[in-house]
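1. Here is a sequence together with a model predicted from it:
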Amino acid sequence: MAYRRVLLKLSGEALMGDQGYGIDPAIVQSIAKDVVEVVSGGTQLAIVVGGGNIFRGLKGSAAGMDRATADYVGMLATVMNAITLQDGLERAGVPTRVQSAISMQEVAEPYIRRRAIRHLEKGRVVIFGAGCGNPFFTTDTTAALRAAEINADVIFKATKVDGVYDKDPAKHSDAVRYETLTFLDVLSGELEVMDSTAIALCKDNAIPIVVFDLFGSGNIGRAVAGEPIGTSIVPAARR
């Protein structure tokens, strides 16, 4: 494998597949199959999962909820996804730990950086739930933060599209996919990859990002193996 330690960011929407809500068991099984291959190859894998398939804080806020309250509800949704994903991975034979930024000791460990790193060194997959534990921050920002904390080599963002485009490919047939971008390209072009806080964190810590399609069979393994896939976002010096 091309990377020693990676952080995989899974969107909540990707987990629901073609359903309008919730979690598609077939998607979880597909992810588990790919993760088995990655971990058996010796790569240490951490995961941050979103909660948009169950509840999205911004939508709750737009509907009249207090923004902080809505974000906390969204954090709880990410824990539900994390526990479900843990079940799927362990049924596939992958030892997994869920660490939550909000204390709920009956179902998850508290987030402790050194413990997370130790789990990774022992070959366990660590799933980070409840975002970073604070409202007003996205799970993309959490992914950037946790990647920096555990010294990850790269962030893989697995989504419903196969990379970063100059405009929405679902609405524009002439949309062009980028193969490589710099952090400054993303920030100055206001491209919808991650929020600006997450991009700035990755830029400051020189953590590259690879955006690719989650639904392609074996794509997680291909990304970890270093194959050209999706769109790579790198520091200017490495472009």
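-> Nice, thanks for sending it over.

2. for the residue lying closest to G51 once chain neighbours are set aside, helix, strand, or coil?
-> Computed as Cβ to Cβ, 6 or more residues apart in numbering, the closest residue to G51 that is not its neighbour in sequence is A77, at 3.1 Å. Quick note: C-beta positions are derived from backbone N, CA and C, even for glycine. Secondary structure assignment for A77 (DSSP: H, G, I helix; E, B strand; the rest coil): helix.

3. In contact with A77: list those residues for me.
-> 12, 51-55 (Cβ atoms under 8 Å, 6 or more residues apart in numbering).

4. any idea how far T69 is from it?
-> 13 Å (Cβ to Cβ, to the nearest Å).

5. Please save the CA atoms from stretch 185-202 in PDB.
-> Extracted as PDB, the C-alpha positions of stretch 185-202 are listed here (Å, rounded to 0.1, in the frame of the first residue of the first chain):
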ATOM      1  CA  ASP A 185      -7.300  26.500  -6.000                       C
ATOM      2  CA  VAL A 186     -10.100  25.200  -3.800                       C
ATOM      3  CA  LEU A 187     -10.100  28.200  -1.500                       C
ATOM      4  CA  SER A 188      -9.900  30.900  -4.200                       C
ATOM      5  CA  GLY A 189     -12.400  29.100  -6.500                       C
ATOM      6  CA  GLU A 190     -14.800  28.300  -3.700                       C
ATOM      7  CA  LEU A 191     -15.100  24.800  -5.000                       C
ATOM      8  CA  GLU A 192     -17.500  22.600  -3.100                       C
ATOM      9  CA  VAL A 193     -15.100  20.000  -1.800                       C
ATOM     10  CA  MET A 194     -15.000  20.600   2.000                       C
ATOM     11  CA  ASP A 195     -15.700  23.700   4.000                       C
ATOM     12  CA  SER A 196     -13.000  26.400   4.000                       C
ATOM     13  CA  THR A 197     -12.100  25.600   7.700                       C
ATOM     14  CA  ALA A 198     -11.300  21.900   6.700                       C
ATOM     15  CA  ILE A 199      -9.300  23.000   3.700                       C
ATOM     16  CA  ALA A 200      -7.300  25.500   5.700                       C
ATOM     17  CA  LEU A 201      -6.500  22.900   8.300                       C
ATOM     18  CA  CYS A 202      -5.200  20.500   5.600                       C
END
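
6. Quick check: buried residues in stretch 102-121?
-> Of all the residues in stretch 102-121, those buried under the rule 16 or more other Cβ atoms under 10 Å are 102, 108-109, 111, 116-117, 119-120.
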